[in-house]
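# I would like to see how this sequence folds:
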Amino acid sequence: MARIAFIGLGNMGGPMAANLVKSGHEVLGFDLAAPVLKAAEASGVKPASHASQAVKDAEIVITMLPQGKHVLTAWTDILQTAAQDTLVIDCSTIDVESSRKAHEMAKAAGCPSLDAPVSGGTGGATAGTLTFMAGGSDEAFARAKPILEAMGKKIVHCGEAGAGQAAKICNNMILGISMIGVCEGFVLAEKLGLSHQALFDVASTSSGQCWAINTYCPVPGPVPTSPANNGYKPGFAAALMLKDLRLSQEAALASGASTPMGAEAAQLFALFEKQGNGGRDFSAIIEMFREKV
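Residues are numbered from 1 along each chain as shown. Take a look at the predicted model:
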């Protein structure tokens, strides 16, 4: 079993670290928020007073942080403390440029590295069923895979440095667009007098099927485990969907890709957040469409 430092123990990082403990790993954790660190301690994570204490003597370091600037700051500190050949994995969702900079920093310090953002939300983090999209060398991926398998059910090596972030951004742009389409479909069905269950029974088994309807249906009833049945408690918060959509549009601008639907989805989720819904599940955007955008 490995000695693992886990930096960032919030809604996603906390349960991910807990699953590593359940798998028998020794996990030393750090988070700037004291209540979050205390909650992680209750799940078996050994608390550290600062990141460098957690990283000292660790074989593997995992970060799960909000933005690229936080990752770069954390990795600057981590790589000053970590021994050479320490495997450093970033599971945050950040911009590709920052991810590649982090890889360069790790290489200069003699540490193999992986960008491995996740999909599956807080439910997947708790259940250990996340999908990991990894970017980095074959050697780093081979070392990381058994660790990632303790937290997820599907581990995909997407390519070299930054490829994991690229895959995550593309995936979540598709998700944001498809959720909007599903919500519009249900709102139209309501206006036409079609029941939620009838539309679900048709669309979930025919050409309209997608994850947004089959697994995460935005209306209560058809999929009992969807956030719609729990007052749209996230789940995956609308603010995080907006973050990912904005990352997709930054990447589209930098690469010259045409993503008009992604741009429209970003604008709609920005409006939804502006209305005070950033902390609600992203599927709650259906309520905005009922009000006629």
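# make it CA atoms for all contacts and neighbour counts henceforth
OK.
# Local confidence estimate at the closest residue to residue 214 other than its chain neighbours?
Spatial nearest neighbour of residue 214, excluding adjacent residues (C-alpha to C-alpha, 6 or more residues apart in numbering): residue 204 at 5.5 Å. At residue 204, the pLDDT value in this model is 98.
# same question, the one 5 residues further on
As predicted, residue 209 sits at a pLDDT of 97.
# Which helix or strand contains residue 100?
helix 96-108 (DSSP states H and E).
# next one: residue 6
Here residue 6 sits within strand 3-7, counting by DSSP H and E.
# gap between that strand and the chain center?
Taking C-alpha atoms, centre = their mean, to the nearest Å, one finds the center of strand 3-7 at 18 Å from the center of the full chain.
# Tell me the helices and strands packed up against that strand.
With contacts taken as 3 or more C-alpha pairs under 8 Å, 6 or more residues apart in numbering; DSSP states H and E, strand 3-7 sits against helix 13-22, strand 26-30, helix 51-55, strand 60-63.
# returning to that earlier point: residues touching the helix holding residue 100, excluding its own?
68-69, 71-72, 75-76, 79, 88, 112-115, 161-163, 165-166, 251 (C-alpha atoms under 8 Å, 6 or more residues apart in numbering).
# In its sheet, which strands sit next to the strand holding residue 6, and in what direction?
strand 26-30 (parallel), strand 60-63 (parallel) (DSSP bridges).
# what's the single longest helix in the chain?
For the chain, the helix with the greatest residue count under DSSP state H is helix 163-191.
# follow-up on the earlier one: now do the strand holding residue 6 and helix 13-22, the angle between them.
Counting by axes from the mean of the first three to the mean of the last three C-alpha atoms, to 10 degrees, strand 3-7 lies at 170 degrees to helix 13-22.
# Mind listing residues that contact strand 3-7?
With C-alpha under 8 Å, 6+ apart as the criterion, strand 3-7 contacts 13, 17, 25-31, 51, 54-55, 57-65.
# before we move on, the earlier item: and the next helix or strand past the helix holding residue 100?
Counting by DSSP H and E, the element after helix 96-108 in chain order, helix or strand, is strand 113-115.
# helices or strands next to that following strand in the packing?
Using 3+ C-alpha pairs under 8 Å, 6+ apart: strand 113-115 touches strand 87-90, helix 96-108, strand 130-136, helix 138-148, helix 163-191.
# picking up where we left off before, how far away is the residue nearest to residue 214 from residue 212?
To residue 212, residue 204 is 10 Å away according to C-alpha to C-alpha, to the nearest Å.
# From the rest of the structure, what touches the host helix or strand of residue 248?
Assigning secondary structure by DSSP H and E places residue 248 in helix 238-255. Identification of contacts with helix 238-255 by C-alpha under 8 Å, 6+ apart yields 93-96, 169-170, 172-173, 176, 258-259, 262-263, 265-266, 269-270, 272-273, 277-283.
# Same check on stretch 27-37?
With C-alpha under 8 Å, 6+ apart as the test, stretch 27-37 has contacts from 3-10, 14, 17, 20-21, 40, 44-51, 54-55.
# filter these to the buried ones?
3-10, 14, 17, 20-21, 40, 44-48, 51, 54-55 (16 or more other C-alpha atoms under 10 Å).
# and residue 142, how many neighbours does it have?
Residue 142: 11 surrounding residues under other C-alpha atoms under 10 Å.
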